[in-house]
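Peer 1: Structural data only, the sequence is not supplied:
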Ligand SMILES: Cc1cc2nc3c(=O)[nH]c(=O)nc-3n(C[C@H](O)[C@H](O)[C@H](O)COP(=O)(O)OP(=O)(O)OC[C@H]3O[C@@H](n4cnc5c(N)ncnc54)[C@H](O)[C@@H]3O)c2cc1C
């Protein structure tokens with residue numbers, strides 16, 4: 001029987017024992033699966049990555065271009081730290097992959113988040129007062145934002161000079177181009193879990209396993225649309241964010257959107273979603289929209305989200321053990337001692353990336369690889385706890 005740990009040390013988030021095996025199967029060839037495959041391969045693991053489709057990066061990670069940008073909150077906190085750290089990691093990782101000779105289709109063109117509504121304007125004002133470094137974020141008025149964007153804008157914006165757009169498929173291809181990674185396409189994994197050590201990174205199917213069914217994921221289907229660049233829109237130099245986003249010229253097209261259909265697990269291309277995307281652009285960027293012709297093509301997929309909007313990264317808890325060992329949490333006795341967490345052997349997850357997976361999945365993969373190998377974690381403990389796969393169970397137990 002392991003030593004009991006006092007409640008303030010949160011024994012329910014105790015780290016799993018490091019894996020002794022150096023072989024793992026990763027289920028899912030989206031950006032989450034490719035990232036964890038890479039992080040483990042770099043540590044000398046032999047990885048088999050299973051993808052059910054003929055190519056990797058076809059579902060949520062099959063978007064022609066997504067925006068790579070951090071998410072800021074008015075007040076500093078662990079959530080903002082997570083996004084900032086993850087964003088810096090992603091930019092550094094892409095730069096290093098390029099320096100090693102990989103071709104990644106992206107552009108570090110900067111991103112402007114328009115102050116498109118009063119709440120966003122207030123957030124930007126609060127950010128201005130925090131005096132954050134200029135090479136990370138600048139709060140611009142409409143005139144300054146227009147100069148950066150290359151087209152006239154009617155509102156101010158927050159500007160992230162290191163941000164940009166990224167083609168996820170090219171990123172995924174670079175990540176799995178490693179001697180220690182074998183990619184098996186047209187290979188769907190089924191129950192039982194395929195190997196001694198397995199990482200579930202199966203996007204919208206992340207809760208379709210007996211071992212993960214307890215996780216409160218929510219699928220949100222969405223569509224991005226693509227229009228040919230016009231003479232006017234070719235002047236756009238950065239990505240633009242409002243309620244949705246718009247890229248500058250990406251291979252002769254702008255990618256814009258996206259729609260949000262909550263609790264929809266199937267993604268089907270839908271003409272009405274293109275109309276919604278176009279109307280949104282007309283609302284926030286009328287001159288730009290007026291210069292563009294009809295939608296040429298689109299991409300529909302499902303993002304998996306969670307009730308607190310953060311991904312689920314770590315070892316999968318032994319649910320029966322948690323329910324029994326931590327049942328007293330509902331009494332809130334801070335002096336009580338509890339046994340450390342127990343996990344489902346060899347089973348890990350990296351999923352629930354919502355609308356931010358391009359920026360966040362790399363740091364999360366580093367966190368997971370550090371957990372699996374028993375290294376110091378690359379993030380603060382608070383952050384690890386807030387991404388922990390048992391956090392929803394623990395919150396439920398505390399509520400009784
Ligand atoms: C319309 C839209 C716009 C977006 N825009 C942005 C953006 O601008 N910026 C941003 O950062 N993020 C954006 N996102 C979110 C981002 O795309 C996701 O967070 C990210 O792609 C999630 O990656 P994933 O690997 O978890 O999922 P996926 O890319 O869906 O990958 C999961 C993979 O697992 C495979 N799989 C499932 N089950 C099995 C099985 N049993 N066996 C084998 N393989 C299996 C699937 O086929 C799939 O390839 C957007 C998402 C959508 C839908």
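Peer 2: Everything's here; your move. These numbers were taken from a predicted model, which means no experiment stands behind them.

Peer 1: which residue ends up closest to the midpoint of the chain in space?
Peer 2: Residue closest to the average C-alpha location in the chain (C-alpha atoms, centre = their mean): residue 357, at 1.9 Å.

Peer 1: what's the burial count for whichever residue of the stretch 1-150 of the chain sits closest to the ligand?
Peer 2: Distance from the ligand to each residue of the stretch 1-150 of the chain (C-beta to the nearest ligand atom) is smallest for residue 30, at 2.1 Å. Glycine gets a C-beta too; all of them are placed from N, C-alpha and C. Neighbours of residue 30 under the rule other C-beta atoms under 10 Å: 28.

Peer 1: Equivalent analysis for the one 10 residues further on, please.
Peer 2: With neighbours defined by other C-beta under 10 Å, the count for residue 40 comes to 27.

Peer 1: Wait, a strand at it?
Peer 2: No. Checked against DSSP: H, G, I helix; E, B strand; the rest coil, residue 40 lies outside a strand; its state is helix.

Peer 1: give the contact list for it.
Peer 2: Applying C-beta atoms under 8 Å, 6 or more residues apart in numbering to residue 40 gives the contacts 24, 26, 47, 180, 199, 369, 372.

Peer 1: got it, and residue 271?
Peer 2: With C-beta under 8 Å, 6+ apart, residue 271 has no contacts at all.

Peer 1: How about the residues of the stretch 51-200 of the chain by the ligand?
Peer 2: 51-53, 58-61, 63, 66-67, 168, 188-189 (C-beta under 6 Å from any ligand atom).

Peer 1: Can I get the residues you listed in JSON lines including distance to residue 100, secondary structure and neighbour count?
Peer 2: As requested, these are exported to JSON lines (distance: C-beta to C-beta, whole Å; DSSP: H, G, I helix; E, B strand; the rest coil; neighbours: other C-beta atoms under 10 Å):
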{"residue": "51", "distance to residue 100": "23", "secondary structure": "coil", "neighbour count": "27"}
{"residue": "52", "distance to residue 100": "29", "secondary structure": "coil", "neighbour count": "18"}
{"residue": "53", "distance to residue 100": "27", "secondary structure": "coil", "neighbour count": "14"}
{"residue": "58", "distance to residue 100": "25", "secondary structure": "coil", "neighbour count": "19"}
{"residue": "59", "distance to residue 100": "27", "secondary structure": "coil", "neighbour count": "23"}
{"residue": "60", "distance to residue 100": "26", "secondary structure": "helix", "neighbour count": "28"}
{"residue": "61", "distance to residue 100": "21", "secondary structure": "helix", "neighbour count": "26"}
{"residue": "63", "distance to residue 100": "24", "secondary structure": "coil", "neighbour count": "25"}
{"residue": "66", "distance to residue 100": "23", "secondary structure": "strand", "neighbour count": "26"}
{"residue": "67", "distance to residue 100": "24", "secondary structure": "strand", "neighbour count": "24"}
{"residue": "168", "distance to residue 100": "19", "secondary structure": "helix", "neighbour count": "27"}
{"residue": "188", "distance to residue 100": "31", "secondary structure": "coil", "neighbour count": "11"}
{"residue": "189", "distance to residue 100": "30", "secondary structure": "coil", "neighbour count": "21"}
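
Peer 1: Just put the contacts of residue 40 in CSV and tack on secondary structure and neighbour count.
Peer 2: Listed next are the contacts of residue 40 as CSV, based on DSSP: H, G, I helix; E, B strand; the rest coil; neighbours: other C-beta atoms under 10 Å:
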residue, secondary structure, neighbour count
24, strand, 25
26, strand, 35
47, strand, 24
180, coil, 16
199, strand, 31
369, helix, 25
372, helix, 25
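
Peer 1: Name the nearest residue to the residue nearest to the centre of the chain, sequence neighbours excluded.
Peer 2: Using C-beta to C-beta, 6 or more residues apart in numbering and skipping the chain neighbours, the partner closest in space to residue 357 is residue 31 (5.4 Å).

Peer 1: What pLDDT is listed against that neighbour?
Peer 2: Note for residue 31: predicted pLDDT of 98.

Peer 1: now residue 1
Peer 2: 59.

Peer 1: Tell me where the longest strand sits in this protein.
Peer 2: strand 218-228 (DSSP state E).

Peer 1: Kindly provide the distance from residue 60 to residue 132.
Peer 2: 30 Å (C-beta to C-beta, to the nearest Å).

Peer 1: Can you give me the buried ones in the helix ranked longest in the chain?
Peer 2: Ranked by residue count and defined by DSSP state H, the top helix of the chain is helix 78-99. Using 16 or more other C-beta atoms under 10 Å as the test for burial, helix 78-99 gives 79-80, 82-87, 89-91, 93-94, 97.

Peer 1: do stretch 105-125 as well
Peer 2: For stretch 105-125, by 16+ other C-beta under 10 Å, it's 105-107, 109-116, 120, 123-124.

Peer 1: same thing with stretch 137-145?
Peer 2: 137-140, 145.

Peer 1: Over to stretch 276-292?
Peer 2: 276-278, 280-281, 284-285, 288-289, 291-292.

Peer 1: That one near the ligand at all?
Peer 2: No. Stretch 276-292 does not reach the ligand (C-beta under 6 Å from any ligand atom); its nearest approach is 9.6 Å.

Peer 1: So what's the residue count around the residue in the stretch 201-350 of the chain positioned nearest to the ligand?
Peer 2: Here the stretch 201-350 of the chain gets closest to the ligand at one residue, residue 203, 2.8 Å apart by C-beta to the nearest ligand atom. Residues near residue 203, counting by other C-beta under 10 Å, number 26.

Peer 1: So which bits of the stretch 201-350 of the chain are right by the ligand?
Peer 2: 201-205, 222-224, 245, 257-258, 301, 303.

Peer 1: 5 Å instead, please
Peer 2: 202-203, 205, 222, 224, 258, 301, 303 (C-beta under 5 Å from any ligand atom).

Peer 1: picking up where we left off before, list the contacts for the residue of the stretch 1-150 of the chain closest to the ligand?
Peer 2: Counted by C-beta under 8 Å, 6+ apart, residue 30 has contacts 56-57, 59-61, 168, 172, 201, 203, 357.
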